[in-house]
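In: Would you be able to build a 3D model of this:
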Amino acid sequence: MGNRVVVTGVGPVTPIGIGADTFWAGLRSGRSGVRNVEDLVDLEGIDVKIGAPVDDFDPVDYIEPKKARRLDRSGQFALAAAKLALEDSQIDLLACDLERFGVVAGTGIGGMETFVENFTKMVEQGPRRISPFFVTRLMPNAICGEISIAHGLRGSNFGVVSACASGTHAIGLATKLIQAGDLDCAIAGGAEAVLLRVTYAGFTRMGALSKRNDDPASASRPFESDRDGFVMGEGAGLLVLESYEHARARGATIYAAIDGFGMSADASHITSPVETGEGAASAMHMALRSAGLLARDIEYINAHGTSTQPNDPVETRAIKLALGDHAFQVKISSTKSQHGHLLGAAGGVEAIATVLSMRHGWIPSTRNLITPDPECDLDYTPEPIEMPVRIALSNSFGFGGQNASLLFRKVEA
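Out: Numbers count the residues shown, from 1 in each chain. Predicted coordinates:
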């Protein structure tokens with residue numbers, strides 16, 4: 001396996017809380033971050049009126065104001081999350097070899113707010129109204145570059161774009177770089193900010209979004225029989241990863257080790273997962289195999305669990321394929337039921353939720369689960385429960401048929 005990789009810092013910027021303590025308090029209490037967003041987005045003529053915004057976010061709390069104005073909202077989220085993760089890790093960058101400190105961060109769509117704003121200006125006012133920062137705010141790898149510039153991190157640096165699997169892919173690939181000895185440390189995860197009229201229109205036309213406008217808090221309902229789509233959210237989730245030796249040498253507090261990572265492709269349909277769940281199961285199998293563990297070792301799964309009609313039963317089948325009869329013994333939850341679907345940021349935020357669950361010995365609930373879909377017959381944890389977790393999986397599956405699974409293991413003192 002090479003160098004063992006551990007998580008030493010987390011930076012969540014989410015609709016239910018910013019920073020490790022506030023985010024965990026939101027998860028633990030079952031808080032919903034979903035609300036009517038017509039005060040933020042012009043949704044006239046669009047059937048969906050709800051979303052999960054990061055309401056209490058002010059970029060100048062984390063970024064110098066002049067720099068903040070030059071960033072897309074997704075970039076603002078990313079820089080804030082990186083700052084929070086570094087502070088949480090208590091790492092001294094002056095004591096690190098910054099040529100061996102990398103950044104791998106994902107986004108599903110990139111600077112869409114920047115694109116819409118500038119395209120509108122060009123159409124209405126002409127090309128001279130395009131911002132000189134248009135390209136650097138728009139490009140998907142901007143978040144990686146901006147994080148490295150802000151902190152002087154000169155190691156491997158690249159962006160990952162694989163739809164809703166982006167954040168998990170980024171963490172897994174950063175883990176591989178540390179395992180191989182190419183890096184000592186990395187910031188990894190994802191960011192996304194696309195609560196925009198055009199994005200709502202596109203996902204609504206696909207039939208992907210929940211229209212439960214009259215009761216926003218109940219709209220995201222993974223594995224529930226009457227689910228009607230996902231709730232779009234925004235935010236970022238970035239983690240500080242280190243080799244175990246590097247973390248131990250500086251006396252770091254360790255959340256968990258990333259002992260396994262798997263990724264696969266459905267090679268079937270651009271949006272719909274393979275109905276048997278084989279593609280997603282393959283990613284989980286690979287994560288187990290790379291960790292040298294068996295299905296019976298898994299105690300908790302933070303599910304992708306989007307609350308869409310096709311996804312939830314497919315993920316259920318995938319877990320059964322990957323874990324066999326043990327699937328019925330595992331606790332499973334989808335935190336999207338609280339913070340919505342953060343697209344390219346989902347994997348980073350949900351990895352943070354997983355390691356916080358392991359630290360605190362509590363499993364967050366799948367909110368709004370009252371009458372499970374008969375095809376979704378596993379233990380989805382409708383209420384948060386106290387339970388020590390030593391080994392857990394976090395799943396992400398993206399449009400394009402791209403699957404990713406991370407395996408976390410508690411590091412004993």
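In: Other residues contacting stretch 370-379?
Out: With Cβ atoms under 8 Å, 6 or more residues apart in numbering as the test, stretch 370-379 has contacts from 223-227, 312-313, 316, 319-320, 327-332, 380, 382. Just so you know, the C-beta spots here come from the backbone N, C-alpha and C atoms, and that holds for glycine as well.
In: mind listing which of the residues you listed are in strands?
Out: 331, 332 (DSSP state E).
In: Would you list the buried entries among the contacts of stretch 370-379?
Out: Buried members of the contacts of stretch 370-379, scored by 16 or more other Cβ atoms under 10 Å, are 223-224, 227, 312-313, 316, 319-320, 327, 330-332, 380, 382.
In: Which of the residues you listed fall in helices?
Out: 312, 313, 316, 319, 320 (DSSP state H).
In: Can you tell me the closest non-neighbouring residue to the second one?
Out: Read that as residue 313. Once flanking residues are discounted, residue 313 sits nearest to residue 375: 4.0 Å by Cβ to Cβ, 6 or more residues apart in numbering.
In: Is that neighbour within a helix or a strand, and which one?
Out: Here residue 375 sits in a region with no helix or strand, counting by DSSP states H and E.
In: And it, how close does it get to residue 315?
Out: Residue 375 sits 11 Å away from residue 315, going by Cβ to Cβ, to the nearest Å.
In: neighbour-wise, which of the two wins?
Out: residue 315 (28 against 12; other Cβ atoms under 10 Å).
In: Look up how far residue 172 lies from that one.
Out: 18 Å.
In: for residue 138, same thing?
Out: In this view, residue 138 and residue 172 are 26 Å apart by Cβ to Cβ.
In: Of these two, give the one with the bigger neighbour count.
Out: Between residue 138 and residue 172, counted using other Cβ under 10 Å, residue 172 has the larger neighbour count: 30 against 19.
In: so that one, which of the three states?
Out: With DSSP: H, G, I helix; E, B strand; the rest coil as the basis, residue 172 sits in helix.
In: List the residues that contact the residue nearest to it when sequence neighbours are not counted.
Out: Distances taken as Cβ to Cβ, 6+ apart place residue 261 nearest to residue 172, at 3.7 Å, with adjacent residues excluded. By Cβ under 8 Å, 6+ apart, the residues touching residue 261 are 171, 172, 175, 176, 286, 287, 290, 404, 405, 406, 407.
In: Tell me the buried residues in the helix or strand containing residue 261?
Out: Element membership for residue 261 (DSSP H and E) is strand 256-265. Buried residues in strand 256-265, counted by 16+ other Cβ under 10 Å: 256, 257, 258, 259, 260, 261, 262, 263, 264.
In: And for stretch 278-290?
Out: 278, 279, 280, 281, 282, 283, 284, 285, 286, 287, 288, 290.
In: what's the answer for stretch 291-308, then?
Out: In terms of neighbour count (16+ other Cβ under 10 Å), stretch 291-308 has its buried residues at 291, 293, 295, 298-308.
In: Kindly indicate which of the residues you listed lies nearest residue 238.
Out: residue 302 (16.7 Å; Cβ to Cβ).
In: residues in contact with the closest one?
Out: Counting by Cβ under 8 Å, 6+ apart, residue 302 touches 333, 334, 335, 350, 351, 353, 354, 357, 392, 393, 394, 395.
In: start to end distance for stretch 262-269?
Out: 20 Å (Cα to Cα, to the nearest Å).
In: sorry, back to before: can you tell me which of the contacts of residue 261 lies nearest to residue 191?
Out: Out of those, the member with the shortest distance to residue 191 (by Cβ to Cβ) is residue 171, at 12.9 Å.
In: The stretch 51-200 of the chain: helices as residue ranges?
Out: In the stretch 51-200 of the chain, the helices defined using DSSP state H, counting those that start in this stretch lie at 65-69, 73-89, 112-125, 134-138, 142-151, 166-179, 197-206.
In: For the first one, which outside residues touch it?
Out: Which is helix 65-69. 59, 60, 76, 79.
In: So the last one sits against residue 60, correct?
Out: Read it as residue 79. No: counting by Cβ atoms under 8 Å, residue 79 does not reach residue 60; the two are 11.2 Å apart.
In: Now do the SS call for residue 6.
Out: strand.
In: Next up, the contacts around it.
Out: Listed by Cβ under 8 Å, 6+ apart, the contact set of residue 6 reads 241, 242, 243, 244, 247, 252, 254, 255, 256, 257, 258, 411.
In: now the residues you listed as CSV including pLDDT?
Out: Shown next, in CSV, are the contacts of residue 6 (pLDDT from 0 to 100):
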residue, pLDDT
241, 99
242, 98
243, 98
244, 98
247, 98
252, 98
254, 98
255, 98
256, 98
257, 98
258, 98
411, 96
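In: Out of these, the closest to residue 346 would be?
Out: Nearest to residue 346 among these, with distances taken as Cβ to Cβ, is residue 258, at 17.1 Å.
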